[in-house]
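Engineer: No letters, just coordinates:
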């Protein structure tokens, strides 16, 4: 059997060779991506040219007049720009417009003059009609733009958008009726260089909205009618007026952008990169490995492993506070959660520093205020005395609540998204409520759509990690009717908060042209909803955690939180490489 | 044989209909829809979105519309990306198929080699190694294997890339193939070894050796070939499993395949994509099973189809 034994070994070698054959097949390539020299802030001298490869999530839609997701908007900002853009302080500055708008004395008409000589990437002139079409597309019911609310104050937009009614009350307008509704929308191209927007009410924040994606122009040479489908996916055949244009797109893999030669750089900032590659990677631990091997120049840090990440990468790690607030959502419509003292007890039983450490490795910023400081809110500990961690006060409030409730408290359900971080938050809260307050809770896990469905139909009691992330930088988008989170019966009022004082102040603030008074009214609403735990016992402001190679410039420097996804992506023309 | 094939192909139609119907009903029974998200869309927006994707119509009408479109070669559109589902499958499946076929080849060649070597060296070191591989390979989940491989061979040694798939580029092929292929290879090795041991103890093998046939003839012509029938039984489902995509492997290496897209579609309630990819999978599995059944006849002359 000696022969057979040798044959056996020989066959073993053949089998092992199979593996090696895989390792040997193909040419392979080594793109020579730079390795990190370690540390650094990216302040070194910028070079002309080069490629940056940056992680993001894949866009769902690239239609700025339909989009809803942050990664969609991130890409769209790179490809198109509206009349105005937000600067580093979140103040609107002219982008395609030649100066600030002329506002009528009643505050209802905005006249925007465009710069001279604007062109699309395909060389065709970029004219006022293209900006007017953007509004018509956003208000078009067939396009179903998800941020129609940004244009809702434009005359006729809501009527046109709602032309077909709802499932409960459908309408069947004739083509003529639809055309009439479209014509009645308050936007027009006065001439090639002048766009006029007419509002129902004077809206102090309208100029901020003119910097949002829904106002990005439509290449009318390709899409002459507002009902036309946006070319999807974006390709080299589409026209762009932003700093970059699409060279190549590989679904679920990457999109490659190159500088737009016709980009009318508002502050003279033109892309210095030859190529910008956005790699679509959902899992941050995978992205971090690619960052380690040099396949990515910037990647989300895996917050599940944040301690090790900070140690390993030092200055390459950056935490950027984002305009986002989260906390324990409390369904005020379900007794005993309607009792103020019960909600205060829950809030005061939450150790915000600890939950931040336990659930997200210190990635977030503990807080007691709904409105973040970056949009005019008070510092995070502003309401520490009223709603912050205080076990003794929590017990006192619970005792008062028990007297009001008149019987033993029921076991409460805690509805949470089935992810490790969210589960950790729920378990932390469950333990806190039991040990401090003696309350029993039951954790219910759900995937994202199921949880959202239950929240939106008020079918929950407690829901950790609920909250809000900003659409545009103004308190109106946080506590005003535009956000609709705290007003009685408002669309986003999933917690069923109802406070007449909040409702009254909201009405007064909405179209208040006295800026100081308006901001003061929103400050007061924030104080009311935060200290009365009106649906949310808030416990953290969000942050984006990134790894950025030391030779990358323009990402750390331009990020404002509004655009930290990736850092500074609203000014991606400033991204580059240093020596 | 031709009649048999025609009958089997025709049977695929009711199978696909049943799969589509069950998927359609389950999909709508699961709580949460494609536009249920944390930041709730206003009622007017929801109404227009539902109208845009025909979700405002009664369920039976939606069901009818799906089959009407299907009959016209249209799998609908993805609610998320707004691209035709057929285009998304066309985009992703070639990559999935490349990865699947390469892995299949690896699993079959490596698994069978390992099984044959183990059997020929029964109760000796190569056999122990083979049994260890077969046991460990089936016990370890692919996300564990993939993560280890990436950390050792990409991050530490820098031999292979972490991201992507490119046919012909070994830096982007080896780790995904190993990650996806270890489990099927281990399974094939186990079945091959067991089958080989059974055949090696048959009288006709003893007779072949007694007749003085060369050992390689005994092994390859009389043992391996006859040991293949049970192996072929498991190879069919493995083939179907591999060419329909692996969410885990495609996610670990960020490969643009249909496996990743399908799982994402389910978690996002992208009804159009769920229906399209499920039907596509069902069709691939049905065809793969048919091919395997036909292959039986090639390997085992006792099997005849009428």
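Structural biologist: Great, that's in hand. Please read these numbers as outputs of a predicted model, since none were measured by experiment.
Engineer: For the rest of this, base every contact and every neighbour count on C-alpha atoms.
Structural biologist: OK.
Engineer: isn't there a strand covering residue A:537?
Structural biologist: Yes: with DSSP: H, G, I helix; E, B strand; the rest coil as the criterion, residue A:537 is located in a strand.
Engineer: That one reaches residue A:327, doesn't it?
Structural biologist: Yes: because the distance of 5.4 Å satisfies C-alpha atoms under 8 Å, residue A:537 is recorded as touching residue A:327.
Engineer: Just want to know which of the two has more residues nearby.
Structural biologist: With other C-alpha atoms under 10 Å in any protein chain shown as the criterion, residue A:537 and residue A:327 differ in neighbour count, and residue A:537 comes out ahead with 33 against 26.
Engineer: surely residue B:119 meets residue B:193?
Structural biologist: Yes: assessed by C-alpha under 8 Å, residue B:119 is found in contact with residue B:193 at 5.1 Å.
Engineer: Residue A:220 in helix, strand or coil?
Structural biologist: Following three-state DSSP, we place residue A:220 in the coil state.
Engineer: if I look at the closest residue to it other than its chain neighbours, how far off is chain B?
Structural biologist: Nearest residue to residue A:220, sequence neighbours excluded (C-alpha to C-alpha, 6 or more residues apart in numbering or on different chains): residue A:130, at 5.7 Å. Distance, residue A:130 to chain B, by C-alpha to the nearest C-alpha, to the nearest Å: 23 Å.
Engineer: Now residue A:130: which helix or strand?
Structural biologist: According to DSSP states H and E, residue A:130 maps onto helix A:128-139.
Engineer: Return the distance of the helix or strand just after that helix from the chain's centre.
Structural biologist: Next helix or strand after helix A:128-139 toward the C-terminus (DSSP H and E): helix A:157-161. Its chain's average C-alpha position is 25 Å from that of helix A:157-161, according to C-alpha atoms, centre = their mean, to the nearest Å.
Engineer: go on, stretch A:222-241?
Structural biologist: Here stretch A:222-241 is found 24 Å from its chain centre; the criterion is C-alpha atoms, centre = their mean.
Engineer: ok, is it in contact with chain B or not?
Structural biologist: Yes: against chain B, stretch A:222-241 shows contacts by C-alpha under 8 Å from any C-alpha of the partner chain at A:232, A:233.
Engineer: Can you name the residues in contact with that stretch?
Structural biologist: A:61-63, A:79-81, A:119-122, A:133-134, A:136-137, A:140, A:142-143, A:219, A:245-249, A:260, A:262-264, B:82-83 (C-alpha atoms under 8 Å, 6 or more residues apart in numbering or on different chains).
Engineer: Give me the neighbour count for residue B:241.
Structural biologist: Other residues within reach of residue B:241, judged by other C-alpha under 10 Å, total 18.
Engineer: Next, the contact list for it, please.
Structural biologist: By C-alpha under 8 Å, 6+ apart, residue B:241 lies in contact with residue B:285.
Engineer: Roughly how far does it sit from chain A?
Structural biologist: Plainly put, residue B:241 is 21 Å away from chain A if you go by C-alpha to the nearest C-alpha.
Engineer: what's the answer for residue B:99, then?
Structural biologist: Applying C-alpha to the nearest C-alpha, the value for residue B:99 to chain A is 12 Å.
Engineer: my guess is that residue contacts residue B:177, does it?
Structural biologist: Yes: judged on C-alpha under 8 Å, residue B:99 makes contact with residue B:177 at a distance of 6.8 Å.
Engineer: more neighbours, the two?
Structural biologist: Counted by other C-alpha under 10 Å, residue B:99 and residue B:177 do not tie: residue B:99 has more neighbours, with 28 against 24.
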